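Peer 1: Turn this into a structure:
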Amino acid sequence: MRWLTVLFIVGMSCSHGACAPRASVNPPDAAVAHFNWGLDYANQGDLDQAITEFKLAIKRDVRWAKPYYNLGVAYSRQEKWSHAIFAWKRTIYIDPGYASAHYNLARAYARGNQRDLSITHLRQAVSHDKELIKAIQTDQNFDTIRESREFQDFIRSIQ
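Peer 2: Here you go, the predicted model:
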């Protein structure tokens, strides 16, 4: 719960999200260690412990985007979508060009049939990583919005 307080304080220090913190270039060794342990636990399938380690990495360096991103992935694997969305939003707050975070936000919003938010994040994802175009066309997470005019217009615009 304390890490949420830290996130709140960091977020409020920038006039309602008007500025993003500078992303960490060299996170402290303790943050890196917790992050790596989180990856190990996630690979072993122990998502609860992975989440704990990612949160500890974040506590050590709130300006490092990778732990937030992987926290979102762990939550999504548990199907805790609101937590995953929060973590990915923090990722792109810190690093607006984090294409995978935009892509995963788009997937999560599509699952919730939030077409406009999904397409907004798809546009951002593709603008930062053109390789995602192939995945978008076959990713089943977009089936709920795939037939919409907006999604079809988006697909045409990236081809």
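
Peer 1: Identify the residues contacting Trp38.
Peer 2: Small correction: residue 38 is Gly, not Trp. Gln49, Ala50, Ile51, Thr52, Glu53, Phe54, Leu56, Ala57, Pro67, Asn70, Leu71, Ala74 (CB atoms under 8 Å, 6 or more residues apart in numbering). C-betas here are computed from N, CA, C, even on glycine.

Peer 1: residues touching the first one, list them.
Peer 2: It stands for Gln49. By CB under 8 Å, 6+ apart, the neighbours of Gln49 are Gly38, Tyr41.

Peer 1: Show me the two of the contacts of Gly38 that sit farthest apart.
Peer 2: Maximum pairwise distance among those (CB to CB): 14.0 Å, between Gln49 and Pro67.

Peer 1: For this protein, give me the ranges with low pLDDT.
Peer 2: 1-21 (pLDDT under 70).

Peer 1: Longest helix in this protein, please.
Peer 2: helix 29-44 (DSSP state H).

Peer 1: And that one, how far out from the chain middle?
Peer 2: 17 Å (CA atoms, centre = their mean, to the nearest Å).

Peer 1: could you pull out the helices for the chain?
Peer 2: 2-12, 29-44, 47-60, 65-77, 81-94, 99-111, 115-128, 132-138, 149-158.

Peer 1: For the ones you listed, give me TSV that also has distance to Arg22.
Peer 2: Formatted as TSV, these follow (distance: least, CB to CB, whole Å):
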stretch	distance to Arg22
helix 2-12	12
helix 29-44	15
helix 47-60	16
helix 65-77	11
helix 81-94	8
helix 99-111	17
helix 115-128	18
helix 132-138	26
helix 149-158	31
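
Peer 1: gap between the two ends of stretch 143-150?
Peer 2: Its first and final residues considered, stretch 143-150 spans 13 Å by CA to CA, to the nearest Å.

Peer 1: So for that stretch, what gets flagged as buried?
Peer 2: By 16 or more other CB atoms under 10 Å, the buried positions in stretch 143-150 come out as Thr144, Ile145, Ser148.

Peer 1: Inside strands: which ones of those?
Peer 2: The strands, defined by DSSP state E, take in nothing from those.

Peer 1: if we can go back for a sec, give me the buried positions along the longest helix of the chain.
Peer 2: Ala31, Val32, His34, Phe35, Trp37, Gly38, Leu39, Tyr41, Ala42.

Peer 1: Run through the residues that contact the fifth one.
Peer 2: What it means is Trp37. Contacts of Trp37 (CB under 8 Å, 6+ apart): Glu53.
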